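Asks: here is my input; please provide its structure:
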Amino acid sequence: MRKKWMKFMAVALSAGLALSLAACGSNDNADTVQEESVVSVDTEISEDTETESVSAGALPDEIAEALDAVTGDPEFYAEEFGSVDVSVLAGKKVMLVAYDSTNDWCVNYVLMAQAVLDKIGAEAEITYCDGTTDSWIQAIQNAVNQGYDAIDLFGISDIGQLDSAIEEAKAAGVYVQDTHGTDISDTSSNTDVSIGCDYERAGELMAMEAIREVGGTEEINCLVVADVGWGADASVAEGIANVFDEYDCSYTVAEVAITDWTEGIGDAVRNAFIADSTYNAVIAYYDNMCLYVVPVLEELGMDLDEIVVGSFNGNVGLIDYVSDGSMDFDLGESIGWCACHAADCMARYFAGQDVYNDSGFAMYFITTENVENYINPETGEASYAYDGVQEIYLTGYSELWGVDLTGVFDGIE
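Replies: Numbering: from 1, shown residues only. Okay, here's the model as predicted:
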């Protein structure tokens, strides 16, 4: 039976974290599962090889210290960047381009980015794509033709597909940045500025928290439900492998194409648990995947009190799962903080200052202990505008920019 560890808020700031990042981008060191009995259409189960155990015991000191070091209220890491005159964006026309209009996380990012940019004097408009390369290219071309000064591409899975369109926009004098689509170490983007997320660290933190929740490196037997097809997938995979391989943890990776989540995730989880009912943890790369993970566990009659379920993103649509215990943790991000950071990078670029695009974003574990921080006290509903850290970053950027951001997200659900 898994140990009931006390859950708490943890904020991961990439600039202050120091864990060796040396593993490969895909898992070749997981527990062996007979492929013919587990794999369904469009899924793949990775096989394992033996690795040398680095540490034994319930919870290695390194993991405890790493998690303890990022516990509590986050520091406002942008404070060290120094002030910037955001008035350089006044009157600038900015097109915010989102992956599509059905992804709640993407929609709320562009809404919050629009609110921030409007507050500092820019004229921000939103364009939603349909997930296809053609729609991204069309959005960029429209921005150029309509005389926009800047473009922010949010959530593009493969920025390389847009190389020609981006070059044409830059040649026309349009500033182009991509936000949150790549790992902070990815230098493949040809945009003026690429604002990465520390996806690898997210993978590491999920693996460490799962180990702690279960009770130790020797106790854990984890099913990792891996996405395939998103640009940052390899970085998440590497982060999980960094931790599980280092401590010789038992885990299996089930890969599901991003285009097959609806059927593929359920099939992968079902087949894996039929083949091995001893799994005591499930990690899904991105929390929307849990919409397909949890129902299958319930269908199979698994006791969710005995299985740690965790993921990454902080989508408010999954808050009910955290509240009722279906998910033990969601490694969340503040979209509002992300929107402010993106605006800060844009302003520094136009001001001719250093741009801190690889600083990553604040992350923190959402658990039953702090889930109320995601609840709008007026509506009683989960809200991206209430993420438990809004006072920290809104106050911080207000001081850096000399602009009062109080209430900037009022009305955003």
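Asks: what is the neighbour count of residue 302?
Replies: Counted with other CB atoms under 10 Å, the neighbours of residue 302 add up to 18. The way it works is simple: take the backbone N, C-alpha and C, and place the C-beta from them, glycine included.
Asks: now it: which helix or strand?
Replies: Assigned by DSSP states H and E, residue 302 falls within no helix or strand.
Asks: wait, what's in contact with residue 224?
Replies: If you count contacts by CB atoms under 8 Å, 6 or more residues apart in numbering, residue 224 has them with 27, 30, 240, 251-254, 282-284.
Asks: shouldn't it be within a helix?
Replies: No. Assigned with DSSP: H, G, I helix; E, B strand; the rest coil, residue 224 falls outside any helix and is strand.
Asks: ok, it to residue 206 distance?
Replies: Note on residue 224: its distance to residue 206, by CB to CB, to the nearest Å, is 9 Å.
Asks: what do these two both touch?
Replies: By the contact definition CB under 8 Å, 6+ apart, residue 224 and residue 206 are jointly contacted by 240, 283.
Asks: show me where the stretch 251-400 of the chain has its strands.
Replies: Applying DSSP state E, counting those that start in this stretch to the stretch 251-400 of the chain gives strands spanning 281-284, 308-313, 329-333, 363-366.
Asks: can I get the ones you listed in CSV including mean pLDDT, mean neighbour count and distance to residue 291?
Replies: Converted to CSV, the strands of the stretch 251-400 of the chain look like this (pLDDT from 0 to 100; neighbours: other CB atoms under 10 Å; distance: least, CB to CB, whole Å):
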stretch, mean pLDDT, mean neighbour count, distance to residue 291
strand 281-284, 98, 28, 9
strand 308-313, 96, 25, 10
strand 329-333, 90, 27, 12
strand 363-366, 86, 28, 16
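Asks: could I get those strands as CSV with distance to residue 217?
Replies: Below are the strands of the stretch 251-400 of the chain laid out as CSV (distance: least, CB to CB, whole Å):
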stretch, distance to residue 217
strand 281-284, 12
strand 308-313, 14
strand 329-333, 18
strand 363-366, 19
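Asks: of all those, which one is nearest residue 293?
Replies: Relative to residue 293, the nearest member of the strands of the stretch 251-400 of the chain by CB to CB is strand 281-284, separated by 5.5 Å.
Asks: in this structure, which residue is most central in space?
Replies: Residue closest to the average C-alpha location in the chain (CA atoms, centre = their mean): residue 313, at 4.1 Å.
Asks: does it really touch residue 327, like I thought?
Replies: No. With contacts counted by CB atoms under 8 Å, residue 313 stays clear of residue 327, the gap being 11.5 Å.
Asks: which neighbours do those two have in common?
Replies: Listed as contacting both residue 313 and residue 327 by CB under 8 Å, 6+ apart are residue 287.
Asks: and residue 94, how far from residue 175?
Replies: 9 Å.
Asks: who has more neighbours, these two?
Replies: The neighbour count for residue 94 versus residue 175, taken as other CB under 10 Å, is higher for residue 94 (24 against 19).
Asks: just say helix, strand or coil for the more buried one.
Replies: Under three-state DSSP, the three-state class of residue 94 is strand.
Asks: isn't it right up against residue 125?
Replies: Yes. Shown here, residue 94 and residue 125 form a contact pair, counting by CB under 8 Å, at 7.4 Å.
Asks: packing partners of the helix or strand harbouring residue 113?
Replies: In this assignment (DSSP H and E), residue 113 forms part of helix 104-119. Applying 3 or more CB pairs under 8 Å, 6 or more residues apart in numbering; DSSP states H and E, we find helix 104-119 packed against strand 93-98, strand 123-128, strand 150-154, helix 335-350.
Asks: out of those, flag the one nearest residue 295.
Replies: Residue 295 lies closest, by CB to CB, to one member of these: helix 335-350, at 25.8 Å.
Asks: show me the shaky parts of the stretch 51-200 of the chain.
Replies: By pLDDT under 70, the low-scoring segments of the stretch 51-200 of the chain are 51-57, 69-72.
Asks: kindly recompute the last result at 90.
Replies: For the stretch 51-200 of the chain, the stretches flagged by pLDDT under 90 are 51-59, 61-62, 64-77, 99-100, 102-106, 131, 155-159, 181-182, 186-188, 196.
Asks: same check, this time on the stretch 301-413 of the chain
Replies: In the stretch 301-413 of the chain, residues with pLDDT under 90: 314, 317, 332-334, 358-366, 368-383, 385-390, 410-413.
Asks: just the buried positions in stretch 104-121, please.
Replies: Across stretch 104-121, burial judged by 16 or more other CB atoms under 10 Å covers 105-117, 119-120.
Asks: closest to residue 88 out of these?
Replies: Residue 88 lies nearest to residue 120 out of the buried residues of stretch 104-121, by CB to CB, at 9.4 Å.
Asks: ok, the closest one to residue 81 distance?
Replies: Distance, residue 120 to residue 81, by CB to CB: 16 Å.
Asks: repeat for residue 102
Replies: 34 Å.
Asks: and what about the nearest residue to residue 119 once chain neighbours are set aside, helix, strand or coil?
Replies: Leaving aside its sequence neighbours, residue 119 sits nearest to residue 408 (CB to CB, 6 or more residues apart in numbering; 5.2 Å). Using three-state DSSP, the structure places residue 408 in coil.
Asks: return the distance of residue 408 relative to residue 117.
Replies: Residue 408 is 10 Å from residue 117, by CB to CB.
Asks: same check on residue 304?
Replies: Going from residue 304 to residue 117 by CB to CB gives 41 Å.
Asks: with residue 106 instead?
Replies: Going from residue 106 to residue 117 by CB to CB gives 16 Å.
Asks: residue 172 contacts residue 143, doesn't it?
Replies: No. Residue 172 lies out of contact with residue 143 (CB under 8 Å); the separation is 9.4 Å.
Asks: compare those two (neighbour count), which wins?
Replies: When neighbours are counted by other CB under 10 Å, residue 172 and residue 143 differ, and residue 143 comes out ahead with 25 against 13.
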